[in-house]
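Asks: coordinates only, no sequence provided:
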């Protein structure tokens, strides 16, 4: 695996840990910053994966299958901010209880 990808994965893991620790605070700005950071970095990884997956599927299986996968990826991208908001809210409620 490329060193750059390993560094990015490590940075994403650190961002998740920091965001979960910030989830303990009641400051909305910190929670919003954690949510935004996690969403953007997760989108970045999803887009890299989507690029390689769509190109592989397009050349291996054809246009129709690639279109179905593209729609599934768009649904995943749309669900990412909602999933992180739910995860951070869930973490915050259980940490403060």
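Replies: Structure's in. What do you need? Just so you know, these numbers come straight off a predicted model, no measurement behind them.

Asks: and the spatially most central residue of the chain, what does it touch?
Replies: Computing the C-alpha centroid of the chain and ranking residues by C-alpha atoms, centre = their mean puts residue 42 first, at 2.3 Å. For residue 42, the contact set (C-beta atoms under 8 Å, 6 or more residues apart in numbering) comprises 12, 80, 84. In this view, the C-beta of every residue, glycine as well, is placed from N, C-alpha and C.

Asks: among these, find the lowest-pLDDT one for me.
Replies: On pLDDT alone, residue 12 ranks lowest of these, at 71.

Asks: neighbours around it, how many?
Replies: 16 (other C-beta atoms under 10 Å).

Asks: in which helix or strand does it reside?
Replies: Using DSSP states H and E, residue 12 maps to helix 3-22.

Asks: quick check: next helix or strand after that helix?
Replies: helix 28-61.

Asks: residue 65 and residue 48, how far apart?
Replies: Shown here: residue 65 relative to residue 48, a distance of 20 Å by C-beta to C-beta, to the nearest Å.

Asks: same check on residue 91?
Replies: 26 Å.

Asks: neighbour count winner among those two?
Replies: Set side by side, residue 91 and residue 48 show more neighbours around residue 91, with 17 against 12, by other C-beta under 10 Å.

Asks: ok, that one to residue 51 distance?
Replies: On the measure of C-beta to C-beta, residue 91 and residue 51 end up 30 Å apart.

Asks: which residue sits farthest out from the middle of the protein?
Replies: residue 62 (27.3 Å).

Asks: low pLDDT regions in this protein?
Replies: 1-3, 5, 17-30, 95-97 (pLDDT under 70).

Asks: was I right to think residue 45 contacts residue 13?
Replies: No: assessed by C-beta atoms under 8 Å, residue 45 is found out of contact with residue 13, at 11.3 Å.

Asks: more neighbours, the two?
Replies: Between residue 45 and residue 13, residue 45 has the larger neighbour count (other C-beta under 10 Å), namely 14 against 10.
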